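In: Test case, fold it:
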Amino acid sequence: MAKRPTKLQMLAQTGSPEKTCQATQSICSDFLDYLRSECHLAANTIDAYGRDMKRFTAHVADRKLNQLSISDLSDYIASLSSEGLAPASIARNVVATRTFFKYLQLEGIVEANPAELIVTQKMWQRMPGVLSRRQVEEFLRSPRKSDAYWQRDVAMLEVLYATGCRASEVCSLRVRDLSLAEKHLKCEGKGGKQRMVPIGTRAIKAIERYCEEIRGKLAAKSPHPPEPLFLSRSGQALDRIQLWRLVKFYAKRVGIDPAISPHSLRHSFATHLLAGGADLRHVQEMLGHASIQTTQIYTHVEHSRLKKVHQSFHPRA
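Out: Model (predicted):
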């Protein structure tokens, strides 16, 4: 039985452009398997990398990976901007490309790593949207008692803002993850990393009301006792798409920017904490950021807000 050619041999094979494209796609597929099995990245992160790799392979076309230069990679990053991708998406593509080339080095497919020289432009670091405190109050009061599952929706929105958790983390919360008497909950973040997150009195009361008044009725619709905290009308776990739609619905009701998303409440949580004097390291821990650099963007957001206040009200601004 013939041995399967190595990745390097596949790439070195001469022939049609179609074969080169197939070899590149095969290597990209192996790269995603590597992220999944060895790096243990979250499914959503791997999906995002998969989309980035699909865009990357389409751009390099029939060019061999071990022949790409820094100029080729810079052209690729520049093409993302011309396609109208958001700054955050471009920045993620840069990270994906760098990670991919590190993988190519590990596999012996490339010797030098031109991706290390890619520079992320500052303009790609888009400031995240942040709600004012007044907007947050209006938003959290937007569910009405006439809404079918208002107790659940109030609790869900309160948890998003009170903890700064990601949408996927809120959807995966289980009843046994709650320690309301100790005022914290356990959530599972990216890569399966768990962390304890403090939770405030308002969110606790909202959760208790939801559990007492309606969660049991929703759970009864499921053939098996459901573990997730937030349930859909069918008794199943509320998913990220449903959560996203609910946030959009309530934002529209109170006249808040329609671009709001569950992540906007996470951004607001971090910015308001820093504005109140919280230590950056503590905010990093609560958000579950692996790097302090990721958290530092919120210091820039708060600085920009203070600058606007200064320009608006200082007599010599």
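
In: Every contact and neighbour count from this point should use C-alpha atoms.
Out: Noted.

In: so where do the strands sit in the stretch 151-300 of the chain?
Out: Using DSSP state E, counting those that start in this stretch, the strands found in the stretch 151-300 of the chain span residues 178-179, 184-188, 194-198.

In: Name the residues that touch the shortest one?
Out: It stands for strand 178-179. His184, Leu185, Lys186 (C-alpha atoms under 8 Å, 6 or more residues apart in numbering).

In: quick one on the thing from earlier: could you point out which of the strands of the stretch 151-300 of the chain sits nearest Phe230?
Out: Comparison of the strands of the stretch 151-300 of the chain against Phe230 by C-alpha to C-alpha identifies strand 178-179 as nearest, at 12.2 Å.

In: what lines up beside that closest one in the sheet?
Out: Here strand 178-179 is paired, per DSSP bridges, with strand 184-188 (antiparallel).

In: domain assignment for the protein?
Out: Following automatic domain parsing, one gets these domains for the chain: 7-124, 133-313.

In: pLDDT (mean, whole number) over the first one?
Out: Mean pLDDT, computed over domain 7-124, is 81.

In: Any stretches of the stretch 101-250 of the chain with poor pLDDT?
Out: Scanning the stretch 101-250 of the chain for pLDDT under 70 picks out 119-129.

In: give me that answer again for 80
Out: Scanning the stretch 101-250 of the chain for pLDDT under 80 picks out 116-129, 190-191.

In: what about the helices in it?
Out: Taking DSSP state H, counting those that start in this stretch to define them, one finds helices in the stretch 101-250 of the chain at 133-140, 150-163, 167-171, 201-210, 216-219, 240-253.

In: between those helices, which gets nearest to Ala290?
Out: Closest approach to Ala290 among the helices of the stretch 101-250 of the chain is made by helix 167-171 (15.7 Å; C-alpha to C-alpha).

In: Just among the contacts of strand 178-179, which is most surrounded?
Out: Sorting those by how many neighbours each has (other C-alpha atoms under 10 Å) puts Leu185 first, at 19 neighbours.

In: contacting residues for it?
Out: Asp177, Leu178, Ser179, Met196, Val197, Pro198, Ile199.

In: if we go to 10 Å?
Out: With contact taken as C-alpha atoms under 10 Å, 6 or more residues apart in numbering, Leu185 is in contact with 163, 173-179, 195-199.

In: I'd like those as a markdown table, with distance to Pro262 and neighbour count appended.
Out: Shown next, in a markdown table, are the contacts of Leu185 (distance: C-alpha to C-alpha, whole Å; neighbours: other C-alpha atoms under 10 Å):
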| residue | distance to Pro262 | neighbour count |
| --- | --- | --- |
| Thr163 | 12 | 24 |
| Leu173 | 15 | 19 |
| Arg174 | 19 | 18 |
| Val175 | 21 | 14 |
| Arg176 | 23 | 11 |
| Asp177 | 20 | 17 |
| Leu178 | 20 | 19 |
| Ser179 | 23 | 15 |
| Arg195 | 19 | 14 |
| Met196 | 20 | 17 |
| Val197 | 17 | 18 |
| Pro198 | 18 | 15 |
| Ile199 | 17 | 21 |
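
In: quick one on the thing from earlier: in CSV: the strands of the stretch 151-300 of the chain, plus distance to Ile241.
Out: Below are the strands of the stretch 151-300 of the chain laid out as CSV (distance: least, C-alpha to C-alpha, whole Å):
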stretch, distance to Ile241
strand 178-179, 23
strand 184-188, 18
strand 194-198, 23
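
In: mind checking which of the ones you listed is nearest Asp30?
Out: With C-alpha to C-alpha as the yardstick, what comes closest out of the strands of the stretch 151-300 of the chain is strand 184-188 (26.2 Å).

In: orientation of the closest one relative to helix 150-163 in degrees?
Out: 90 degrees (axes from the mean of the first three to the mean of the last three C-alpha atoms, to 10 degrees).

In: quick one, strand 184-188 and helix 201-210 angle?
Out: 80 degrees.

In: Output strand 184-188 as PDB, nothing but the C-alphas.
Out: Below are the C-alpha coordinates for strand 184-188, written out as PDB (Å, rounded to 0.1, in the frame of the first residue of the first chain):
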ATOM      1  CA  HIS A 184     -20.900  34.700  41.700                       C
ATOM      2  CA  LEU A 185     -21.300  32.300  38.900                       C
ATOM      3  CA  LYS A 186     -19.100  29.900  37.000                       C
ATOM      4  CA  CYS A 187     -18.800  30.300  33.200                       C
ATOM      5  CA  GLU A 188     -16.900  28.400  30.500                       C
END
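
In: how long is stretch 77-92 from one end to the other?
Out: End-to-end span of stretch 77-92 (C-alpha to C-alpha, to the nearest Å): 11 Å.

In: Kind regards, and thank you for your time.
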